[in-house]
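1. Task: produce atomic coordinates for the following.
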Amino acid sequence: MSLLTVAAVFFIIWWTVLFIVLPLGYRSQEEDGEVALGTSESAPTKFRGGKVLLLTTVISIAIHVGYYLLSSYFGVGIADIPNIVPDFQ
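-> Modelled structure (predicted):
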């Protein structure tokens, strides 16, 4: 696998995991009862960008290492996944 392919796969995994991690531990201003003037009630109480980025990166690395091992050492690829759509020919 080329370096560009490895980077592209990691990029896709990272963005997918980011949208899974974002709502974890989210607390809105309305839930905490501290709505600041000029903000929406659904705005987060505390910015936790560092934690989200770190957790996303760690999970993405673990998934990417698993994918890399399966594809490089065990030979499992996309073609090995069974077809869900029936063949109508």
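
2. buried set for the helix or strand of the chain with the lowest mean pLDDT?
-> In the chain, the helix or strand scored least confidently by mean pLDDT, DSSP states H and E is helix 29-32, which has a mean of 88. Neighbour counts over helix 29-32 (16 or more other C-beta atoms under 10 Å) mark residue 29 as buried. (C-beta placed from N, C-alpha, C; glycine too.)

3. Over to stretch 43-53?
-> Buried positions in stretch 43-53, judged by neighbour count with 16+ other C-beta under 10 Å: 44-45, 48, 52.

4. ok, of these, which one's closest to residue 27?
-> residue 45 (4.9 Å; C-beta to C-beta).

5. if we can go back for a sec, just curious, which of the buried residues of stretch 43-53 is nearest to residue 8?
-> Taking C-beta to C-beta as the measure, residue 52 is the one of those closest to residue 8, at 22.2 Å.
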